[in-house]
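1. What follows is a protein structure lacking sequence information:
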(Lines give C-alpha, C1' and ligand atoms only; values in the text may rest on other atoms or scores of the structure.)
Protein backbone atom coordinates (compact mmCIF):
# COMPACT_ATOMS: atom_id res chain seq x y z
CA UNK A 1 0.00 0.00 0.00
CA UNK A 2 2.61 2.52 -1.10
CA UNK A 3 1.80 6.25 -1.34
CA UNK A 4 3.19 9.38 -2.93
CA UNK A 5 2.78 12.88 -1.49
CA UNK A 6 1.99 15.87 -3.69
CA UNK A 7 2.45 19.48 -2.44
CA UNK A 8 1.95 22.76 -4.28
CA UNK A 9 2.09 26.53 -3.74
CA UNK A 10 0.97 29.19 -6.22
CA UNK A 11 3.64 31.88 -5.83
CA UNK A 12 7.39 32.03 -5.45
CA UNK A 13 6.91 34.01 -2.21
CA UNK A 14 5.14 31.03 -0.63
CA UNK A 15 8.14 28.87 -1.39
CA UNK A 16 10.26 30.78 1.11
CA UNK A 17 7.72 30.54 3.97
CA UNK A 18 6.52 27.38 5.78
CA UNK A 19 3.59 26.55 3.48
CA UNK A 20 5.30 23.76 1.51
CA UNK A 21 7.02 22.19 4.51
CA UNK A 22 3.76 22.30 6.51
CA UNK A 23 1.87 20.55 3.70
CA UNK A 24 4.57 17.92 3.39
CA UNK A 25 4.70 17.28 7.14
CA UNK A 26 0.92 16.84 7.41
CA UNK A 27 0.80 14.49 4.42
CA UNK A 28 3.65 12.31 5.72
CA UNK A 29 2.02 12.10 9.17
CA UNK A 30 -1.27 11.12 7.52
CA UNK A 31 0.46 8.31 5.61
CA UNK A 32 2.19 7.10 8.79
CA UNK A 33 -1.13 6.93 10.65
CA UNK A 34 -2.53 4.75 7.86
CA UNK A 35 0.59 2.56 7.56
CA UNK A 36 1.27 3.67 3.97
CA UNK A 37 4.99 3.86 3.16
CA UNK A 38 5.81 7.15 1.39
CA UNK A 39 7.75 6.23 -1.73
CA UNK A 40 8.22 9.73 -3.18
CA UNK A 41 7.34 13.37 -2.49
CA UNK A 42 6.52 15.68 -5.41
CA UNK A 43 6.58 19.48 -4.95
CA UNK A 44 5.46 22.15 -7.44
CA UNK A 45 6.85 25.52 -6.38
CA UNK A 46 5.02 28.56 -7.74
CA UNK A 47 2.55 26.69 -9.98
CA UNK A 48 -1.17 27.40 -10.44
CA UNK A 49 -3.78 24.66 -10.08
CA UNK A 50 -5.83 26.15 -12.93
CA UNK A 51 -4.02 23.71 -15.19
CA UNK A 52 -2.59 20.20 -14.88
CA UNK A 53 0.43 21.26 -16.95
CA UNK A 54 2.63 21.45 -13.87
CA UNK A 55 6.05 19.80 -14.18
CA UNK A 56 6.07 17.80 -10.92
CA UNK A 57 2.35 17.04 -11.14
CA UNK A 58 2.95 15.36 -14.50
CA UNK A 59 5.98 13.52 -13.08
CA UNK A 60 3.76 12.30 -10.24
CA UNK A 61 1.17 10.92 -12.71
CA UNK A 62 3.87 9.11 -14.69
CA UNK A 63 5.36 7.71 -11.47
CA UNK A 64 1.95 6.38 -10.35
CA UNK A 65 1.30 4.69 -13.69
CA UNK A 66 4.56 2.73 -13.48
CA UNK A 67 3.50 -0.65 -12.09
CA UNK A 68 6.84 -1.52 -10.51
CA UNK A 69 6.45 1.43 -8.10
CA UNK A 70 3.31 -0.19 -6.62
CA UNK A 71 1.52 3.06 -5.80
CA UNK A 72 -1.95 2.82 -4.25
CA UNK A 73 -2.55 6.38 -2.97
CA UNK A 74 -1.82 9.99 -3.87
CA UNK A 75 -1.98 12.11 -0.70
CA UNK A 76 -2.49 15.87 -0.65
CA UNK A 77 -3.01 18.34 2.17
CA UNK A 78 -6.32 19.51 0.66
CA UNK A 79 -8.16 19.18 -2.63
CA UNK A 80 -7.20 22.69 -3.82
CA UNK A 81 -3.52 21.56 -3.91
CA UNK A 82 -4.50 18.85 -6.42
CA UNK A 83 -6.74 20.83 -8.81
CA UNK A 84 -9.00 23.88 -8.99
CA UNK A 85 -10.79 22.83 -12.17
CA UNK A 86 -13.60 20.23 -12.05
CA UNK A 87 -12.91 18.96 -15.58
CA UNK A 88 -9.26 18.36 -14.73
CA UNK A 89 -10.15 16.76 -11.40
CA UNK A 90 -12.55 14.23 -12.93
CA UNK A 91 -10.20 13.45 -15.84
CA UNK A 92 -7.10 12.87 -13.68
CA UNK A 93 -8.98 10.81 -11.09
CA UNK A 94 -10.28 8.55 -13.88
CA UNK A 95 -6.72 8.25 -15.20
CA UNK A 96 -5.42 7.25 -11.75
CA UNK A 97 -8.34 4.86 -11.14
CA UNK A 98 -7.47 2.95 -14.32
CA UNK A 99 -4.12 1.96 -12.75
CA UNK A 100 -5.54 1.33 -9.26
CA UNK A 101 -4.44 4.59 -7.62
CA UNK A 102 -6.78 6.58 -5.33
CA UNK A 103 -6.73 10.16 -4.04
CA UNK A 104 -6.71 11.01 -0.33
CA UNK A 105 -6.81 14.40 1.39
CA UNK A 106 -5.60 15.25 4.89
CA UNK A 107 -8.16 18.03 5.37
CA UNK A 108 -11.20 16.49 3.61
CA UNK A 109 -12.84 13.11 4.10
CA UNK A 110 -12.81 11.81 0.51
CA UNK A 111 -12.82 8.16 -0.55
CA UNK A 112 -14.59 5.80 -2.96
CA UNK A 113 -17.85 5.58 -0.96
CA UNK A 114 -20.91 7.49 -2.17
CA UNK A 115 -20.48 10.01 0.68
CA UNK A 116 -16.75 10.33 -0.03
CA UNK A 117 -17.38 10.98 -3.73
CA UNK A 118 -20.01 13.60 -2.84
CA UNK A 119 -17.56 15.41 -0.54
CA UNK A 120 -14.86 15.21 -3.21
CA UNK A 121 -17.16 16.74 -5.83
CA UNK A 122 -18.42 19.44 -3.43
CA UNK A 123 -14.89 20.50 -2.51
CA UNK A 124 -13.86 20.38 -6.15
CA UNK A 125 -16.81 22.57 -7.19
CA UNK A 126 -16.11 25.09 -4.41
CA UNK A 127 -12.42 25.22 -5.34
CA UNK A 128 -13.32 26.03 -8.95
CA UNK A 129 -15.91 28.58 -7.79
CA UNK A 130 -13.30 30.27 -5.60
CA UNK A 131 -10.81 30.28 -8.46
CA UNK A 132 -13.36 31.70 -10.93
CA UNK A 133 -14.35 34.45 -8.48
CA UNK A 134 -10.72 35.44 -8.02
CA UNK A 135 -10.27 35.55 -11.81
CA UNK A 136 -13.38 37.75 -12.17
CA UNK A 137 -12.17 40.16 -9.48
CA UNK A 138 -8.75 40.28 -11.12
CA UNK A 139 -10.26 41.13 -14.52
CA UNK A 140 -12.51 43.78 -12.96
CA UNK A 141 -9.51 45.33 -11.22
CA UNK A 142 -7.52 45.34 -14.45
CA UNK A 143 -10.39 46.91 -16.38
CA UNK A 144 -10.73 49.64 -13.75
CA UNK A 145 -6.99 50.19 -13.94
CA UNK A 146 -7.23 50.62 -17.72
CA UNK A 147 -10.11 53.12 -17.38
CA UNK A 148 -7.74 55.20 -15.22
CA UNK A 149 -5.07 55.08 -17.94
CA UNK A 150 -2.92 52.57 -16.06
CA UNK A 151 -1.21 49.57 -17.68
CA UNK A 152 -2.49 46.36 -15.98
CA UNK A 153 0.37 44.03 -16.93
CA UNK A 154 4.11 43.77 -16.50
CA UNK A 155 5.89 46.65 -18.22
CA UNK A 156 7.12 45.87 -21.76
CA UNK A 157 10.68 46.53 -22.93
CA UNK A 158 11.40 50.25 -22.62
CA UNK A 159 9.32 50.74 -19.48
CA UNK A 160 9.62 49.91 -15.78
CA UNK A 161 6.74 49.20 -13.39
CA UNK A 162 5.87 51.77 -10.72
CA UNK A 163 4.18 50.32 -7.66
CA UNK A 164 1.90 53.20 -6.71
CA UNK A 165 -1.88 53.24 -6.22
CA UNK A 166 -2.60 56.42 -8.20
CA UNK A 167 -1.20 58.01 -11.34
CA UNK A 168 0.98 56.22 -13.91
CA UNK A 169 2.21 52.76 -12.99
CA UNK A 170 4.91 52.52 -15.68
CA UNK A 171 7.82 54.85 -16.38
CA UNK A 172 10.43 54.99 -19.17
CA UNK A 173 13.41 52.71 -18.63
CA UNK A 174 16.44 55.07 -18.82
CA UNK A 175 18.54 52.30 -20.34
CA UNK A 176 16.14 50.83 -22.92
CA UNK A 177 13.63 53.59 -23.74
CA UNK A 178 15.99 55.50 -26.12
CA UNK A 179 16.69 52.27 -28.04
CA UNK A 180 12.98 51.44 -28.38
CA UNK A 181 12.41 54.97 -29.66
CA UNK A 182 15.27 54.41 -32.11
CA UNK A 183 13.54 51.27 -33.43
CA UNK A 184 10.38 53.25 -34.28
CA UNK A 185 12.36 56.07 -35.90
CA UNK A 186 14.42 53.72 -38.07
CA UNK A 187 11.47 51.63 -39.24
CA UNK A 188 9.27 54.69 -39.90
CA UNK A 189 11.71 55.91 -42.56
CA UNK A 190 10.63 53.05 -44.81
CA UNK A 191 14.28 52.54 -45.72
CA UNK A 192 14.99 49.83 -43.15
CA UNK A 193 13.60 46.31 -42.95
CA UNK A 194 12.67 44.84 -39.58
CA UNK A 195 15.72 42.59 -39.84
CA UNK A 196 18.03 45.57 -40.31
CA UNK A 197 16.34 47.43 -37.43
CA UNK A 198 16.83 44.37 -35.22
CA UNK A 199 20.51 44.15 -36.15
CA UNK A 200 20.95 47.81 -35.24
CA UNK A 201 19.26 47.27 -31.88
CA UNK A 202 21.51 44.27 -31.16
CA UNK A 203 24.56 46.35 -32.05
CA UNK A 204 23.41 49.16 -29.72
CA UNK A 205 22.91 46.65 -26.91
CA UNK A 206 19.12 46.38 -26.51
CA UNK A 207 18.18 43.31 -24.43
CA UNK A 208 15.25 42.14 -22.36
CA UNK A 209 15.40 42.79 -18.62
CA UNK A 210 16.65 39.22 -18.23
CA UNK A 211 19.58 40.02 -20.52
CA UNK A 212 18.36 38.02 -23.52
CA UNK A 213 18.57 39.29 -27.09
CA UNK A 214 15.44 40.84 -28.56
CA UNK A 215 13.86 38.37 -31.01
CA UNK A 216 12.03 39.22 -34.26
CA UNK A 217 8.75 38.29 -32.54
CA UNK A 218 9.49 40.68 -29.67
CA UNK A 219 10.30 43.48 -32.13
CA UNK A 220 6.95 42.85 -33.86
CA UNK A 221 5.15 43.23 -30.53
CA UNK A 222 7.07 46.43 -29.76
CA UNK A 223 6.25 48.07 -33.10
CA UNK A 224 2.56 47.10 -32.77
CA UNK A 225 2.08 48.16 -29.13
CA UNK A 226 0.18 51.50 -28.78
CA UNK A 227 1.47 51.79 -25.20
CA UNK A 228 4.64 53.38 -26.61
CA UNK A 229 2.49 56.15 -28.14
CA UNK A 230 0.69 56.83 -24.86
CA UNK A 231 -2.34 54.52 -25.17
CA UNK A 232 -3.46 51.54 -23.08
CA UNK A 233 -5.27 48.91 -25.12
CA UNK A 234 -6.64 45.41 -24.50
CA UNK A 235 -8.83 44.60 -27.50
CA UNK A 236 -11.12 42.09 -25.70
CA UNK A 237 -11.95 44.70 -23.04
CA UNK A 238 -12.97 47.56 -25.29
CA UNK A 239 -11.41 50.54 -27.09
CA UNK A 240 -8.01 51.90 -26.18
CA UNK A 241 -7.71 54.56 -23.46
CA UNK A 242 -5.31 57.49 -23.21
CA UNK A 243 -2.64 56.37 -20.75
CA UNK A 244 -1.42 58.33 -17.75
CA UNK A 245 2.18 57.30 -18.51
CA UNK A 246 4.81 59.12 -20.56
CA UNK A 247 4.83 58.00 -24.24
CA UNK A 248 8.14 57.10 -25.85
CA UNK A 249 7.07 58.10 -29.38
CA UNK A 250 4.53 60.48 -30.87
CA UNK A 251 1.20 59.19 -32.13
CA UNK A 252 2.18 60.38 -35.61
CA UNK A 253 5.37 58.31 -35.59
CA UNK A 254 3.54 55.24 -34.23
CA UNK A 255 0.89 55.53 -36.96
CA UNK A 256 3.57 55.80 -39.68
CA UNK A 257 4.98 52.49 -38.44
CA UNK A 258 1.51 50.89 -38.48
CA UNK A 259 0.97 52.05 -42.08
CA UNK A 260 4.21 50.37 -43.13
CA UNK A 261 3.38 47.17 -41.27
CA UNK A 262 -0.10 47.11 -42.84
CA UNK A 263 1.29 47.69 -46.34
CA UNK A 264 -0.44 51.07 -46.67
CA UNK A 265 2.78 52.96 -47.30
CA UNK A 266 5.45 52.47 -49.96
CA UNK A 267 8.86 51.61 -48.54
CA UNK A 268 12.35 51.23 -49.93
CA UNK A 269 12.92 47.83 -48.37
CA UNK A 270 13.14 44.74 -50.53
CA UNK A 271 9.95 42.91 -51.42
CA UNK A 272 9.37 39.64 -49.60
CA UNK A 273 9.95 36.44 -51.52
CA UNK A 274 11.93 38.41 -54.11
CA UNK A 275 14.21 36.63 -56.52
CA UNK A 276 17.70 38.17 -56.80
CA UNK A 277 17.60 37.32 -60.53
CA UNK A 278 14.75 39.82 -61.07
CA UNK A 279 15.33 43.16 -59.27
CA UNK A 280 12.52 44.89 -61.23
CA UNK A 281 9.94 42.27 -60.23
CA UNK A 282 6.78 43.91 -58.75
CA UNK A 283 8.38 47.38 -59.13
CA UNK A 284 7.55 47.62 -62.86
CA UNK A 285 3.85 47.34 -63.75
CA UNK A 286 2.06 46.39 -66.95
CA UNK A 287 0.89 49.55 -68.74
CA UNK A 288 -2.19 47.77 -70.12
CA UNK A 289 -3.68 46.50 -66.83
CA UNK A 290 -1.49 48.09 -64.10
CA UNK A 291 -0.56 44.63 -62.73
CA UNK A 292 2.98 44.23 -61.30
CA UNK A 293 5.32 42.18 -63.48
CA UNK A 294 6.68 38.89 -62.27
CA UNK A 295 9.98 37.25 -63.21
CA UNK A 296 10.65 33.65 -64.14
CA UNK A 297 12.90 31.35 -66.13
CA UNK A 298 11.58 29.85 -69.36
CA UNK A 299 13.00 26.58 -70.71
CA UNK A 300 13.41 26.18 -74.48
CA UNK A 301 12.96 22.95 -76.41
CA UNK A 302 16.73 22.43 -76.28
CA UNK A 303 16.63 22.64 -72.49
CA UNK A 304 18.28 26.04 -72.27
CA UNK A 305 16.80 28.49 -69.74
CA UNK A 306 16.01 32.16 -70.47
CA UNK A 307 14.92 34.80 -67.94
CA UNK A 308 11.70 36.74 -68.68
CA UNK A 309 9.62 39.48 -67.10
CA UNK A 310 5.90 39.13 -67.82
CA UNK A 311 2.50 40.43 -66.72
CA UNK A 312 1.10 38.14 -64.04
CA UNK A 313 -2.50 38.90 -65.05
CA UNK A 314 -3.60 35.77 -66.96
CA UNK A 315 -6.32 37.76 -68.76
CA UNK A 316 -3.83 40.34 -70.03
CA UNK A 317 -0.26 39.08 -70.62
CA UNK A 318 0.48 42.28 -72.58
CA UNK A 319 4.09 42.24 -71.39
CA UNK A 320 6.42 39.30 -71.95
CA UNK A 321 10.00 40.51 -72.35
CA UNK A 322 13.50 39.11 -71.94
CA UNK A 323 15.17 40.23 -68.74
CA UNK A 324 18.19 41.72 -70.52
CA UNK A 325 16.01 43.97 -72.70
CA UNK A 326 13.85 45.32 -69.86
CA UNK A 327 16.78 45.96 -67.53
CA UNK A 328 18.78 47.64 -70.33
CA UNK A 329 15.86 49.96 -71.09
CA UNK A 330 15.51 50.72 -67.38
CA UNK A 331 19.23 51.54 -67.16
CA UNK A 332 18.81 53.91 -70.17
CA UNK A 333 15.92 55.52 -68.30
CA UNK A 334 18.26 56.15 -65.37
CA UNK A 335 20.74 57.85 -67.72
CA UNK A 336 18.12 60.55 -68.32
CA UNK A 337 18.15 61.40 -64.61
CA UNK A 338 21.82 62.41 -64.61
CA UNK A 339 22.37 65.99 -63.50
CA UNK A 340 24.93 68.53 -64.68
CA UNK A 341 27.88 69.46 -62.47
CA UNK A 342 26.79 73.11 -62.04
CA UNK A 343 23.55 72.02 -60.37
CA UNK A 344 25.41 69.62 -58.10
CA UNK A 345 27.73 72.41 -56.90
CA UNK A 346 24.69 74.57 -56.19
CA UNK A 347 23.00 71.70 -54.35
CA UNK A 348 26.10 71.06 -52.19
CA UNK A 349 26.32 74.73 -51.24
CA UNK A 350 22.65 74.79 -50.24
CA UNK A 351 22.97 71.64 -48.12
CA UNK A 352 26.07 72.89 -46.30
CA UNK A 353 24.44 76.25 -45.60
CA UNK A 354 21.20 74.59 -44.42
CA UNK A 355 23.03 72.12 -42.17
CA UNK A 356 25.09 74.88 -40.58
CA UNK A 357 21.92 76.83 -39.82
CA UNK A 358 20.19 73.76 -38.45
CA UNK A 359 23.08 72.98 -36.14
CA UNK A 360 22.99 76.54 -34.80
CA UNK A 361 19.23 76.28 -34.24
CA UNK A 362 19.71 72.89 -32.58
CA UNK A 363 22.28 74.24 -30.13
CA UNK A 364 19.95 77.12 -29.27
CA UNK A 365 17.03 74.74 -28.68
CA UNK A 366 19.26 72.49 -26.55
CA UNK A 367 20.21 75.39 -24.29
CA UNK A 368 16.56 76.40 -23.91
CA UNK A 369 15.37 72.84 -23.19
CA UNK A 370 18.15 72.17 -20.66
CA UNK A 371 17.42 75.48 -18.96
CA UNK A 372 13.73 74.60 -18.72
CA UNK A 373 14.52 71.19 -17.21
CA UNK A 374 16.79 72.83 -14.61
CA UNK A 375 14.03 75.28 -13.74
CA UNK A 376 11.50 72.44 -13.43
CA UNK A 377 13.81 70.51 -11.10
CA UNK A 378 14.14 73.62 -8.94
CA UNK A 379 10.34 73.90 -8.81
CA UNK A 380 10.06 70.23 -7.78
CA UNK A 381 12.52 70.82 -4.92
CA UNK A 382 10.45 73.83 -3.82
CA UNK A 383 7.27 71.75 -3.79
CA UNK A 384 8.96 69.17 -1.54
CA UNK A 385 10.16 71.92 0.80
CA UNK A 386 6.66 73.47 0.96
CA UNK A 387 5.11 70.08 1.74
CA UNK A 388 7.64 69.33 4.49
CA UNK A 389 7.13 72.82 5.99
CA UNK A 390 3.34 72.40 5.95
CA UNK A 391 2.80 75.33 3.54
CA UNK A 392 0.79 73.09 1.17
CA UNK A 393 -1.27 69.96 1.83
CA UNK A 394 -0.75 66.54 0.22
CA UNK A 395 -3.62 67.03 -2.26
CA UNK A 396 -2.14 70.31 -3.57
CA UNK A 397 1.29 68.71 -3.73
CA UNK A 398 -0.01 65.73 -5.78
CA UNK A 399 -1.84 68.09 -8.16
CA UNK A 400 1.26 70.22 -8.71
CA UNK A 401 3.47 67.15 -9.18
CA UNK A 402 1.15 65.84 -11.92
CA UNK A 403 1.42 69.20 -13.68
CA UNK A 404 5.19 69.12 -13.17
CA UNK A 405 5.43 65.67 -14.75
CA UNK A 406 3.54 66.88 -17.81
CA UNK A 407 5.86 69.86 -18.23
CA UNK A 408 8.95 67.68 -17.75
CA UNK A 409 7.72 65.27 -20.43
CA UNK A 410 7.20 68.20 -22.82
CA UNK A 411 10.65 69.62 -22.06
CA UNK A 412 12.33 66.23 -22.54
CA UNK A 413 10.51 65.84 -25.85
CA UNK A 414 11.88 69.20 -26.99
CA UNK A 415 15.33 68.15 -25.81
CA UNK A 416 15.11 64.98 -27.89
CA UNK A 417 14.02 66.91 -30.98
CA UNK A 418 16.89 69.35 -30.57
CA UNK A 419 19.55 66.68 -30.05
CA UNK A 420 20.64 66.10 -33.65
CA UNK A 421 22.50 62.94 -34.51
CA UNK A 422 26.11 63.22 -35.58
CA UNK A 423 25.91 63.06 -39.38
CA UNK A 424 28.83 63.05 -41.80
CA UNK A 425 27.42 65.61 -44.23
CA UNK A 426 30.40 65.42 -46.58
CA UNK A 427 30.01 61.64 -46.93
CA UNK A 428 26.32 62.12 -47.72
CA UNK A 429 27.13 64.77 -50.32
CA UNK A 430 29.68 62.45 -51.93
CA UNK A 431 27.10 59.67 -52.16
CA UNK A 432 24.57 62.16 -53.55
CA UNK A 433 27.08 63.20 -56.21
CA UNK A 434 27.45 59.59 -57.33
CA UNK A 435 23.70 59.16 -57.24
CA UNK A 436 23.03 62.19 -59.42
CA UNK A 437 25.97 61.98 -61.79
CA UNK A 438 25.84 58.23 -62.48
CA UNK A 439 22.50 56.74 -61.37
CA UNK A 440 22.77 53.95 -63.95
CA UNK A 441 26.23 52.85 -62.88
CA UNK A 442 25.26 53.01 -59.20
CA UNK A 443 22.16 50.86 -59.78
CA UNK A 444 23.97 48.28 -61.94
CA UNK A 445 26.69 47.81 -59.32
CA UNK A 446 24.34 47.37 -56.34
CA UNK A 447 22.97 44.35 -54.51
CA UNK A 448 19.32 43.34 -54.82
CA UNK A 449 18.23 45.23 -51.69
CA UNK A 450 20.26 48.30 -52.68
CA UNK A 451 18.79 48.23 -56.20
CA UNK A 452 15.26 48.16 -54.85
CA UNK A 453 15.96 51.05 -52.49
CA UNK A 454 17.42 53.08 -55.34
CA UNK A 455 14.43 52.24 -57.55
CA UNK A 456 12.08 53.63 -54.92
CA UNK A 457 14.21 56.77 -54.63
CA UNK A 458 14.23 57.31 -58.40
CA UNK A 459 10.55 56.46 -58.97
CA UNK A 460 8.52 56.54 -55.72
CA UNK A 461 5.38 55.15 -57.38
CA UNK A 462 7.11 52.58 -59.58
CA UNK A 463 7.07 52.57 -63.40
CA UNK A 464 4.81 51.38 -66.23
CA UNK A 465 5.98 49.34 -69.21
CA UNK A 466 4.09 48.69 -72.43
CA UNK A 467 4.49 48.25 -76.19
CA UNK A 468 6.29 51.59 -76.51
CA UNK A 469 8.64 50.84 -73.64
CA UNK A 470 8.62 52.72 -70.34
CA UNK A 471 5.67 55.10 -70.15
CA UNK A 472 5.05 58.26 -68.17
CA UNK A 473 6.38 57.95 -64.65
CA UNK A 474 6.64 60.11 -61.56
CA UNK A 475 10.23 60.73 -60.53
CA UNK A 476 11.38 61.97 -57.15
CA UNK A 477 10.62 65.66 -56.63
CA UNK A 478 14.33 66.25 -56.12
CA UNK A 479 15.18 65.04 -59.65
CA UNK A 480 12.30 67.08 -61.05
CA UNK A 481 13.63 70.20 -59.38
CA UNK A 482 17.12 69.76 -60.81
CA UNK A 483 15.78 68.99 -64.28
CA UNK A 484 13.57 72.08 -64.34
CA UNK A 485 16.40 74.36 -63.19
CA UNK A 486 18.19 76.12 -66.05
CA UNK A 487 20.44 79.12 -66.67
CA UNK A 488 20.42 81.76 -63.96
CA UNK A 489 16.85 80.92 -62.90
CA UNK A 490 16.45 78.40 -60.10
CA UNK A 491 13.62 77.19 -57.93
CA UNK A 492 15.36 78.65 -54.86
CA UNK A 493 13.81 81.63 -53.09
CA UNK A 494 15.69 84.90 -52.80
CA UNK A 495 17.71 85.20 -49.60
CA UNK A 496 15.51 88.14 -48.68
CA UNK A 497 12.43 85.92 -48.56
CA UNK A 498 9.46 84.99 -50.73
CA UNK A 499 7.82 88.41 -50.69
CA UNK A 500 9.08 91.29 -52.92
CA UNK A 501 11.58 93.50 -51.12
CA UNK A 502 9.75 96.72 -50.26
CA UNK A 503 11.51 100.11 -50.21
CA UNK A 504 12.10 101.65 -46.76
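-> That came through fine. Quick caveat: nothing in here was measured; it's all calculated off a predicted structure.
2. can you pull out the strands in the stretch 351-500 of the chain?
-> In the stretch 351-500 of the chain, the strands defined using DSSP state E, counting those that start in this stretch lie at 463-466, 469-470.
3. Give the other helices and strands that the last one contacts.
-> Secondary structure elements in contact with strand 469-470, counted by 3 or more Cβ pairs under 8 Å, 6 or more residues apart in numbering; DSSP states H and E, are helix 323-335. Quick note: C-beta positions are derived from backbone N, CA and C, even for glycine.
4. for the helix it packs on, what is the average pLDDT?
-> The average pLDDT for helix 323-335 rounds to 92.
5. How far does it sit from its chain's centre?
-> Taking Cα atoms, centre = their mean, to the nearest Å, one finds the center of helix 323-335 at 40 Å from the center of the full chain.
6. Identify the residues contacting that helix?
-> Residues outside helix 323-335 that contact it (Cβ atoms under 8 Å, 6 or more residues apart in numbering): 277-280, 284, 295, 307-309, 439-440, 443-444, 458, 463, 465, 469-470.
7. swap in stretch 91-111?
-> With contacts defined as Cβ under 8 Å, 6+ apart, stretch 91-111 is touched by 3, 26-27, 30, 52, 61, 64-65, 67, 71-79, 82-83, 112, 115-117, 119-120, 123.
8. got the end-to-end distance for it?
-> End-to-end distance of stretch 91-111 (Cα to Cα, to the nearest Å): 16 Å.
9. for the protein, which spans come out with low pLDDT?
-> For the chain, applying pLDDT under 70 flags the ranges 12-18, 264-274, 339-344, 346, 406, 409, 412-424, 472-504.
10. Domain-wise, how is it divided?
-> By the record's domain assignment, the chain is partitioned as 2-139, 159-261 (automatic domain parsing).
11. want to throw these into JSON lines with distance to residue 147?
-> Listed next are these as JSON lines, based on distance: least, Cβ to Cβ, whole Å:
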{"stretch": "domain 2-139", "distance to residue 147": "13"}
{"stretch": "domain 159-261", "distance to residue 147": "6"}
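12. Tell me the spacing between the residue most central in space within the chain and residue 195.
-> In the chain, the residue lying closest to the centroid (Cα atoms, centre = their mean) is residue 222, at 1.5 Å. Using Cβ to Cβ, to the nearest Å, one gets 14 Å for the distance from residue 222 to residue 195.
13. give me the number of residues near residue 330?
-> Residue 330 has 23 neighbours, counted by other Cβ atoms under 10 Å.
14. The one 5 residues further on now?
-> Neighbours of residue 335 under the rule other Cβ under 10 Å: 11.
15. Residue 443 versus that one, what's the distance?
-> Residue 335 is 10 Å from residue 443, by Cβ to Cβ.
16. Could you do residue 128 as well?
-> Here the criterion is Cβ to Cβ. By it, residue 128 lies 67 Å from residue 443.
17. same deal with residue 331?
-> For residue 331, the distance to residue 443 (Cβ to Cβ) stands at 7 Å.
18. Neighbour count for those two, which is higher?
-> More crowded of residue 331 and residue 443, by other Cβ under 10 Å: residue 443, with 20 against 14.
19. Looks like that one contacts residue 453 (just checking).
-> No - counting by Cβ atoms under 8 Å, residue 443 stays clear of residue 453, with 10.0 Å between them.
20. top helix in this structure by residue count?
-> Identified as the longest helix of the chain according to DSSP state H is helix 341-389.
21. who does that helix touch, helix- and strand-wise?
-> Against helix 341-389 (3+ Cβ pairs under 8 Å, 6+ apart) you get helix 394-418, helix 425-437.
22. next helix or strand past the helix or strand containing residue 94?
-> Here residue 94 is covered by helix 86-97, with elements defined by DSSP states H and E. Of the helices and strands lying after helix 86-97 in sequence (DSSP H and E), the nearest is strand 102-105.
23. partners of that next one in the sheet?
-> Using DSSP bridges, strand 102-105 pairs in its sheet with strand 71-76 (parallel).
24. tell me the angle the strand it pairs with makes with helix 86-97.
-> Between strand 71-76 and helix 86-97, the angle comes out at 150 degrees (axes from the mean of the first three to the mean of the last three Cα atoms, to 10 degrees).
25. okay, the helices and strands packed on helix 341-389 in JSON lines with mean neighbour count and distance to residue 157 next?
-> Below are the helices and strands packed on helix 341-389 laid out as JSON lines (neighbours: other Cβ atoms under 10 Å; distance: least, Cβ to Cβ, whole Å):
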{"stretch": "helix 394-418", "mean neighbour count": "14", "distance to residue 157": "19"}
{"stretch": "helix 425-437", "mean neighbour count": "14", "distance to residue 157": "32"}
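26. Just send those back as TSV, with distance to residue 323 too.
-> Below are the helices and strands packed on helix 341-389 laid out as TSV (distance: least, Cβ to Cβ, whole Å):
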stretch	distance to residue 323
helix 394-418	46
helix 425-437	24
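27. So for residue 365, which of those helices sits nearest?
-> When the helices and strands packed on helix 341-389 are compared by Cβ to Cβ, helix 394-418 sits nearest residue 365, at 3.5 Å.
28. C-terminal to whichever strand or helix holds residue 186, what's the next element?
-> Secondary-structure assignment from DSSP H and E places residue 186 in helix 177-188. Sequence-wise, the next helix or strand downstream of helix 177-188 (DSSP H and E) is helix 194-204.
29. Pull the number of nearby residues for residue 160.
-> Using other Cβ under 10 Å, residue 160 has 15 neighbouring residues.
30. And it, how far from residue 375?
-> To residue 375, residue 160 is 26 Å away according to Cβ to Cβ.
31. Kindly report the same for residue 153.
-> 36 Å.
32. what's the answer for residue 155, then?
-> For residue 155, the distance to residue 375 - Cβ to Cβ - is 30 Å.
33. neighbour count winner among the two?
-> The residue with more neighbours, out of residue 155 and residue 375, is residue 155; 18 against 12, by other Cβ under 10 Å.
34. you'd agree that one is up against residue 161?
-> Yes - in this structure, residue 155 is within contact of residue 161 by Cβ under 8 Å, at 4.6 Å.
35. about what we covered before: identify whichever of the domains of the chain lies nearest to residue 432.
-> domain 159-261 (14.9 Å).
36. Which residue ranges of the stretch 101-250 of the chain form strands?
-> Under DSSP E, counting those that start in this stretch, the stretch 101-250 of the chain gives strands at 102-105, 159-161, 170-172, 231-232, 241-242.
37. Can you list the buried residues in the third one?
-> Across strand 170-172, burial judged by 16 or more other Cβ atoms under 10 Å covers 170, 172.
38. So which elements touch it?
-> Applying 3+ Cβ pairs under 8 Å, 6+ apart, one finds that strand 170-172 contacts strand 159-161.
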